[in-house]
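J.: Have a look at this prediction, sequence included:
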Number of protein chains: 2
Amino acid sequence: MNEFDQITPPERLLMGPGPINIDPRILHTMSNKLIGQYDPMMTNYMNEVMQLYRIIFNTKNLNTLLIDGTSRAGIEAIFISMIKPGDKVLIPIFGRFGQLLYEISKRCKAHVHTIEVPWGEIFEPDKIEYSIKKIKPKFLLTVHGDTSTTMLQPLEEIGLICQKYEVIFYTDATASCGGNYLKTDDWKIDAVSAGMQKCLGGPSGTSPITINDKTIEIIQQRQRVEFGKNIDDKKIIFSNYFDINMIIDYWSEKRLNHHTEATTALYAAHECARLIIKEGIHNRILRHKLHGDALLHGIKNMGLKIFGDIKHKMNNILGVIIPKRINGEQVRKLMLDDFGIEIGTSFGPLKGRIWRIGTMGYNSRKDCVLRTLTALESILNKLGFKTTQGEALQATWDFYNINV
Amino acid sequence: MNEFDQITPPERLLMGPGPINIDPRILHTMSNKLIGQYDPMMTNYMNEVMQLYRIIFNTKNLNTLLIDGTSRAGIEAIFISMIKPGDKVLIPIFGRFGQLLYEISKRCKAHVHTIEVPWGEIFEPDKIEYSIKKIKPKFLLTVHGDTSTTMLQPLEEIGLICQKYEVIFYTDATASCGGNYLKTDDWKIDAVSAGMQKCLGGPSGTSPITINDKTIEIIQQRQRVEFGKNIDDKKIIFSNYFDINMIIDYWSEKRLNHHTEATTALYAAHECARLIIKEGIHNRILRHKLHGDALLHGIKNMGLKIFGDIKHKMNNILGVIIPKRINGEQVRKLMLDDFGIEIGTSFGPLKGRIWRIGTMGYNSRKDCVLRTLTALESILNKLGFKTTQGEALQATWDFYNINV
C-alpha cells in the first residue's frame, strides 16, 4: 500500500483568473465543526446566507441561495430549470464563457441563437436589441465579465431592452461579482449566477444564484419527479440535482429534504459575503479598480501591451500581450517555480497570445501588484526582453501616490 | 444593513444518519491555502485522490474520481452520462434512496422498472434474477446501504447475476462506503458512487465515484456539446456539468478545462481517504461493527425494540422503534437542546415510527455510544418510559469487555 502524506500545499501568490488566495478568516471559518442539516443553527445560517447574497447581488429576490457545485453548476441549475426543450434563447458571445452558455443551453435542448463580437470587444446595446427583434427569443443569456477576454459587458441598457421585448434576462456574473458593479434589480436582470473563486474570494465549490419571481413562475410550471406520483413527461425538469423547485423547497421554510447542504462550503460562502459587506461593496469595488489600474499602469510602463478594449475591462483581470520572441509558458513556469506566483494562460483564439493577470478578492492589494510586477520584469529581462530599470515600478508607485 | 457575525457553530455530537462530526485532522486540512487548478501540486493531489479512492472502493478502475457536488451529484453524473433516453433500467427499491434512483433515472428519460420489498427488508438474489430475466434491463441500479431503513443489500451474488445476463450494475454506496465491506471489482460492480458525510467521515459537497472500462465505453459513445462543432442530437449527454467524458478529460493527463475543481472539498476528500487507509479499511469496518453492535446492545437492554432485519443492518446506523406514548420529535429536541446530541428522524412510511442513530466515521467510538445511551435513557425516563436503572449501560460495558 502506498504512503500518502497530509495535504501541504506550497506557498503561492495566485494572480491568475481564479482561484485566488483567500482571506485567512475564510480559511479559519472552513475549519469549523459540522452541524446537522436541520439543526436550528444550520437553517439559521442558510437564512443568513440568503440575506447576505441579496446584499451582494443588490436584489430583493426571495430566491437567493447556493447551488452545491462549482460556478457552472449554478448556470446549469438555472438553465435546466427555466428552459424547456425547444425554447428559443439568444446568446451574445464575446469570449469562452459565452460559448459555455451555448454549450449548456444546447444540452437543455434549447433552440439556440448566437451573435458574436471579436474577443476583446463587448456588445453595443443596439446590436442586441436588433437581434432580439429579429429572433424573438424567450431568454437572453449573457456573460457579465468574461475572464477569457477580461471584458465586462455593460448590462444596464440590456435589461431595459429585455423588459421592453418581454425577454427573460439571465447573466453569468461568476467573474465579475464582488469586484465590479452588479445591480440585479436596478438593471432588470431576472436571474444571476456567480462563483466563489474570483472576486467573492472563496473556494470553488458552491455557486450563489438569485432568481426573481417572474422567472420562478416559469420554473414552477415545470415538474419534479416523485416516486409514486403521476408525472407529465413534457413538464419534467430533466435533472433532480439541479431542480430549482426542489432546491427552493429545501431552502425555504418548508425545509423539504433534497441534498445534504455542503456545510463547509456554506460556511465559506457566508464568511466571504460577510467580509465583503463589512468592507462595503462600494469600497471593495473601488479597491478592485485601484489595484487593477495600478497593475495596468505598471505593465504599460514596462513596455508591454494590453489586450482588448480597456474601457470595458473588468476591474479584476488584465490581459497582457506576450511580447514577440518570448515564450509565454516559459515565463509562467519561471513565475511559479522561482517566485511562487501564478499568472494565467489563455484559451481559444488567445492561446499563447496573452497572459491573464488577476488582482481580485484578497489579492487585490498593493503588495501583490508590486510583487507580481517585479517578478515578471526580472524574468522578462532574463529572457531578453528589455525594460528601463525602475520605470515600471516607479510609475506604479506614482499611480498609488496620486490615487490613494 | 444587518450585522452578521462569523460562523460559530454550537457544540454538537452528531449521532444521526449524517453529516457527522469529522476528525479534527480533516477540519485542519480544510483550512489549508488554495492553489491553482493546474498547479503541479494540485494535479498531483488529484492523482493521489484517484489512487486513494481506488483503495477505498477496492477497485483497479482507472476512472475513480470526484464529482463536485453532494452525494446525489455523483449518482446523477453516472446516470445522465450512461443512460440514454429510452434505455431500460431495473431498480430494486428497499427504502427512500431506491426511490431516489427511480426519480433520477426518470429525469434521464430511462424506461424505468422497479421492484419493491417492504422497508426493513432486503432483496434475495433470486428475486432480482427473476426480474432481470423478465425485464431484460440494460442497467441494474441499486442502493447498497439505505439509511432510511438502515438495511444493507448484499451485492456479491447480484454482481454475478448481472454479469451472467450482461446487465450493467451500478450501486449507490453513499451510506455504506467506509463502514461496511464494498468490493467493487470482486463483486463485479460496474459503477459506484459515494458521499463524504457518512462513514467516509467528511463534509458533504463532493462525491467519489468509480466506473469500470466497460461502462466508460458506453459513456464514450455519447457526445459532448462544443461551440462550433457539429453535434448529433441523439448522442448528446444532457448535462454539461455532469458529462463524465468531459470530467475524465479534466482528471486525466489531458487536463482539459471543465469546472474549477473544488479545492477545499478535494483536500477534505484526500484526508478522509488517507485516514481510512492509515487505520486500515478492515480495521475501520470492524470498528464500525463493534460500536454499531454496542449501541444495539445498549438500546435493547433499555427495553427498546430495533427496526428491520438486524441480520442485514448496516454497521453504522440503527433504527430504534419509538415506544408507545413517547413523542419522537420531543425526544429529539431534548437530546439536541439539553445534551447537544443529534439523533435522526425518519421519512416515508417510517415517519414518526423510528429514530435513526448513527455510529459512523469519527463518531464510531465508545464515548459517543455511551453518551448517547445515557442521554436517551434519561430523557425517556423523564417522559415516563421506565427502564431498569443501570441495566442498559452495564450491558454495553459488558459487551465492550467481551469484544474489545
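T.: Nice, I can see it. Numbering: from 1, shown residues only, chains lettered A, B, ... in the order given.
J.: residue ranges for the strands of chain A, please.
T.: Along chain A, the stretches classed as strands by DSSP state E are A:13-15, A:63-67, A:88-93, A:111-116, A:139-143, A:145-146, A:151-152, A:168-172, A:191-193, A:207-211, A:317-321, A:341-343, A:354-358.
J.: list the buried ones in the second one?
T.: Within strand A:63-67, the residues that count as buried by 16 or more other C-beta atoms under 10 Å in any protein chain shown are A:63-67. For every residue, glycine as well, the C-beta is placed using N, CA and C.
J.: on that earlier part again, same list (the strands of chain A) but as a markdown table, adding mean pLDDT and distance to B:D337.
T.: As requested, the strands of chain A are arranged in a markdown table below (pLDDT from 0 to 100; distance: least, C-beta to C-beta, whole Å):
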| stretch | mean pLDDT | distance to B:D337 |
| --- | --- | --- |
| strand A:13-15 | 98 | 43 |
| strand A:63-67 | 98 | 27 |
| strand A:88-93 | 98 | 50 |
| strand A:111-116 | 98 | 53 |
| strand A:139-143 | 98 | 47 |
| strand A:145-146 | 98 | 46 |
| strand A:151-152 | 98 | 50 |
| strand A:168-172 | 98 | 43 |
| strand A:191-193 | 98 | 37 |
| strand A:207-211 | 98 | 32 |
| strand A:317-321 | 98 | 49 |
| strand A:341-343 | 98 | 48 |
| strand A:354-358 | 98 | 46 |
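J.: which one of the ones you listed lies closest to B:F97?
T.: strand A:63-67 (21.5 Å; C-beta to C-beta).
J.: Mind checking if the closest one is in reach of chain B?
T.: No - applying C-beta under 8 Å from any C-beta of the partner chain, one finds strand A:63-67 separated from chain B by no less than 8.8 Å.
J.: most tightly surrounded among the strands of chain A?
T.: Neighbour counts (mean count of other C-beta atoms under 10 Å in any protein chain shown) averaged over each of those peak at strand A:191-193, with a mean of 30.
J.: packing partners for that strand?
T.: Here strand A:191-193 touches helix A:71-82, strand A:168-172, strand A:207-211, going by 3 or more C-beta pairs under 8 Å, 6 or more residues apart in numbering or on different chains; DSSP states H and E.
J.: distance of the most centrally placed residue in chain A from A:L182?
T.: Note on chain A: the residue nearest the mean C-alpha position is A:T174, at 1.5 Å, using C-alpha atoms, centre = their mean. Going from A:T174 to A:L182 by C-beta to C-beta, to the nearest Å gives 11 Å.
J.: for A:K214, same thing?
T.: Relative to A:L182, A:K214 is positioned 19 Å away (C-beta to C-beta).
J.: How about A:R25?
T.: A:R25 is 23 Å from A:L182, by C-beta to C-beta.
J.: These two: which is more packed in?
T.: The neighbour comparison of A:R25 against A:L182 (other C-beta atoms under 10 Å in any protein chain shown) goes to A:L182, with 26 against 14.
J.: tell me which strands and helices the helix ranked longest in chain A is in contact with?
T.: The longest helix of chain A (DSSP state H) is helix A:281-301. Secondary-structure packing of helix A:281-301 (3+ C-beta pairs under 8 Å, 6+ apart): strand A:317-321, helix A:366-382, helix A:391-403.
J.: and with 10 Å instead?
T.: helix A:263-279, strand A:317-321, strand A:354-358, helix A:366-382, helix A:391-403 (3 or more C-beta pairs under 10 Å, 6 or more residues apart in numbering or on different chains; DSSP states H and E).
J.: can you tell if the first one touches chain B?
T.: The reference is to helix A:263-279. Yes - Helix A:263-279 comes into contact with chain B (C-beta under 10 Å from any C-beta of the partner chain), by way of A:263-268, A:270-271, A:273-275, A:277-278.
J.: Pull the number of nearby residues for A:P154.
T.: A:P154, neighbours per other C-beta under 10 Å, totals 14.
J.: quick one: it and A:W187 touch, right?
T.: Yes - between A:P154 and A:W187 there is a contact under C-beta atoms under 10 Å: 9.3 Å.
J.: where does A:N2 land on pLDDT?
T.: If you check A:N2, the pLDDT there is 57.
J.: quick one: low-confidence ranges for chain A?
T.: Filtered on pLDDT under 70, chain A yields the residue ranges A:1-2.
J.: How is it divided into domains?
T.: A:20-277, A:282-403 (automatic domain parsing).
J.: Nearest approach to B:D293 belongs to which of these?
T.: The nearest among those, by C-beta to C-beta, is domain A:20-277 at 24.0 Å.
J.: and the end-to-end length of the closest one?
T.: Counting by C-alpha to C-alpha, to the nearest Å, you get 19 Å between the two ends of domain A:20-277.
J.: Also stretch A:131-149?
T.: 23 Å.
J.: and if you look at stretch A:4-18?
T.: First residue to last in stretch A:4-18 (C-alpha to C-alpha) measures 27 Å.
J.: Chain B contacts on the stretch 301-404 of chain A?
T.: A:332-333, A:336-337, A:342-345, A:347-348.
J.: May I see the PyMOL selection of the buried members of these?
T.: In PyMOL, this line selects whichever of these come out buried by 16+ other C-beta under 10 Å:
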select buried, chain A and resi 332+336+342+343+344+345
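J.: that older thread, just put the helices and strands packed on strand A:191-193 in CSV and tack on distance to chain B.
T.: Shown next, in CSV, are these (distance: least, C-beta to the nearest C-beta, whole Å):
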stretch, distance to chain B
helix A:71-82, 5
strand A:168-172, 13
strand A:207-211, 10
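J.: Of these, which is nearest B:V143?
T.: helix A:71-82 (24.0 Å).
J.: my guess is A:K229 meets A:Q223, correct?
T.: Yes - in this structure A:K229 lies within contact range of A:Q223 using C-beta under 10 Å: 9.2 Å.
J.: More neighbours: these two, which one.
T.: Between A:K229 and A:Q223, counted using other C-beta under 10 Å, A:Q223 has the larger neighbour count: 17 against 9.
J.: so what's the closest residue in space to the more buried one that isn't next to it in sequence up against?
T.: Leaving out its chain neighbours, the residue that sits closest to A:Q223 by C-beta to C-beta, 6 or more residues apart in numbering or on different chains is A:K235, at 4.2 Å. By C-beta atoms under 10 Å, 6 or more residues apart in numbering or on different chains, A:K235 lies in contact with A:84, A:221-224.
J.: Is it correct that A:T184 is in contact with A:T59?
T.: Yes - in this structure, A:T184 is within contact of A:T59 by C-beta under 10 Å, at 4.0 Å.
J.: returning to what we had before: where do the contact lists of A:K229 and A:Q223 overlap?
T.: With C-beta under 10 Å, 6+ apart, A:K229 and A:Q223 have no common neighbours.
J.: before we move on, the earlier item: can you turn the buried part of the contacts of A:K235 into a PyMOL selection?
T.: To isolate the buried members of the contacts of A:K235 in PyMOL, using 16+ other C-beta under 10 Å:
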select buried, chain A and resi 84+222+223+224
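J.: Residue numbers of the stretch 101-250 of chain A in contact with chain B?
T.: Checking the stretch 101-250 of chain A against chain B by C-beta under 10 Å from any C-beta, the hits are A:101-109, A:112, A:114, A:116, A:174, A:195-198, A:202-206, A:224-229, A:231, A:233, A:236-243, A:246.
J.: For the residue in the stretch 301-404 of chain A positioned nearest to chain B, give the beta-bridge partners.
T.: Minimum separation of the stretch 301-404 of chain A from chain B (C-beta to the nearest C-beta) falls at A:E342, amounting to 4.6 Å. Note on A:E342: beta-bridge partners by DSSP bridges are A:L14.
J.: residue contacts, it?
T.: Applying C-beta under 10 Å, 6+ apart, we find A:E342 in contact with A:12-17, A:19-21, A:332, A:335-336, A:357-358, A:372, B:35-39.
J.: and those residues, which of them are in helices?
T.: Using DSSP H, A:332, A:335-336, A:372 are the members of the contacts of A:E342 that sit in helices.
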